[in-house]
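A.B. asks: here you go, sequence then predicted model.
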Amino acid sequence: MLYRVEGIVIRSMDYGEGNKIITLCTETSGKIGVLVRGAKKVKSRHAALTQPFTQGEYVFFRQNGGLGTLNQGEIIESHFSLREDLFLAAYASYACELLDKTLQDEEIGSFWYTQLKACLEGLTSGKDPQIVIHLFEMKILQAAGYGPSFESCVSCGRVDDSPYVSPRLGGRLCRSCRHQDPAAMQVTPGVLKLLTLFERMDLRRLGNVEVKEETKQELKKVMRAFMDVQLGLKLKSLHFLDQLDKYEI
């Protein structure tokens, strides 16, 4: 059967002497694997369609599920600039691997696709990559069913000025419920404001924001804690990103 989908390349791997297998996050069909014959050859007309972060329209044959075989395609946005910048490539790779490991094969939902598309566009357009990525992480948590809550206490629903958040319990704790998680993290008002904003905001609405470096470092620790506790993924791209952060000026 012939399929036509709009998708983003979240993984690309060599297969045999001249072929590649790409994994697409699609708008209508979830996550799909597609074999691209001859993609490694110098004169291949499909080589550009297999590059990581590429958004395009893909037409492929597939029988009885499983791997498809590319027939033709057209690039919508290559995101060439992301592959040319080491730091941006690291952030984009993390976003794609995170989605790849979280999204089940052919799990339907355009939300995954629209948020990844917005993430890559945000990185391309010069928005603060760390803010873009942390907001994307929040959207992944929500889409996976582990979205934290910061508007009110996750235990009793009370609203107060408590500065405590619990990655284990999934959100904010009021002062009366603080004892339920001795390991709860105390955060500054700036970080709590960002977390509350991230909970409500669609990535497509993110504008250019300026956040102090110390606030971003604190935010990183909090989001890392939520990601580790709720998803527990060991991602190669995240380790590489952490190594790069040590040398970023």
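C.D. replies: Structure's in. What do you need?

A.B. asks: go through this protein and flag its longest strand.
C.D. replies: Longest strand in the chain, counting residues (DSSP state E): strand 2-15.

A.B. asks: in that one, what's buried?
C.D. replies: Neighbour counts over strand 2-15 (16 or more other Cβ atoms under 10 Å) mark 3, 5-12, 15 as buried. Yep, even glycine has a C-beta here, placed from its N, CA and C like the rest.

A.B. asks: also stretch 204-221?
C.D. replies: 206, 215-216, 218-220.

A.B. asks: find the nearest non-adjacent residue to the residue minimising distance to the centre of the chain, please.
C.D. replies: The centre of the chain sits closest to Ala95, judged by Cα atoms, centre = their mean, with a distance of 3.3 Å. The shortest distance from Ala95 to any non-neighbouring residue, by Cβ to Cβ, 6 or more residues apart in numbering, is to Cys119 (5.0 Å).

A.B. asks: number of nearby residues for the nearest residue to Gly18 once chain neighbours are set aside?
C.D. replies: Setting aside the residues directly before and after it, Gly18 is nearest to Lys40 in space (Cβ to Cβ, 6+ apart), at 4.8 Å. Applying other Cβ atoms under 10 Å, we find 16 residues neighbouring Lys40.

A.B. asks: all further residue positions should be reported with the first residue as 412.
C.D. replies: In the new count, where the first residue is 412, that last one comes out as Lys451.

A.B. asks: surely Lys528 touches Ile419?
C.D. replies: Yes: contact criterion Cβ atoms under 8 Å: Lys528 and Ile419 qualify, at 6.4 Å.

A.B. asks: what sits in contact with each of those two?
C.D. replies: Gln466 (Cβ atoms under 8 Å, 6 or more residues apart in numbering).

A.B. asks: and the strands in the chain, which stretches?
C.D. replies: 413-426, 430-437, 442-447, 466-472, 479-488, 575-577, 582-584, 596-597.

A.B. asks: the first one pairs with which strands?
C.D. replies: Strands that pair with strand 413-426, judged by DSSP bridges, come out as strand 430-437 (antiparallel), strand 466-472 (antiparallel).

A.B. asks: what's that strand in contact with?
C.D. replies: With Cβ under 8 Å, 6+ apart, strand 413-426 has contacts from 431-440, 442-443, 446, 451, 460-473, 479, 482, 487, 507-508, 510-511, 524, 527-528, 531.

A.B. asks: how does it look with 6 Å?
C.D. replies: For strand 413-426, contacts defined as Cβ atoms under 6 Å, 6 or more residues apart in numbering pick out 431-438, 440, 461, 463, 465-466, 468-472, 507, 510-511, 527.

A.B. asks: what about it, average pLDDT?
C.D. replies: Mean per-residue pLDDT for strand 413-426: 95.

A.B. asks: and the angle from it to strand 442-447?
C.D. replies: 70 degrees (axes from the mean of the first three to the mean of the last three Cα atoms, to 10 degrees).

A.B. asks: give me the distance between strand 413-426 and the centre of its chain.
C.D. replies: The chain centroid and the centroid of strand 413-426 are separated by 17 Å under Cα atoms, centre = their mean, to the nearest Å.

A.B. asks: so which bits of the least confident helix or strand in the chain by mean pLDDT are buried?
C.D. replies: Every helix and strand of the chain was ranked by mean pLDDT, DSSP states H and E. The lowest is helix 647-656, at a mean of 89. For helix 647-656, a neighbour-count test (16+ other Cβ under 10 Å) marks 648-649, 651-652 as buried.
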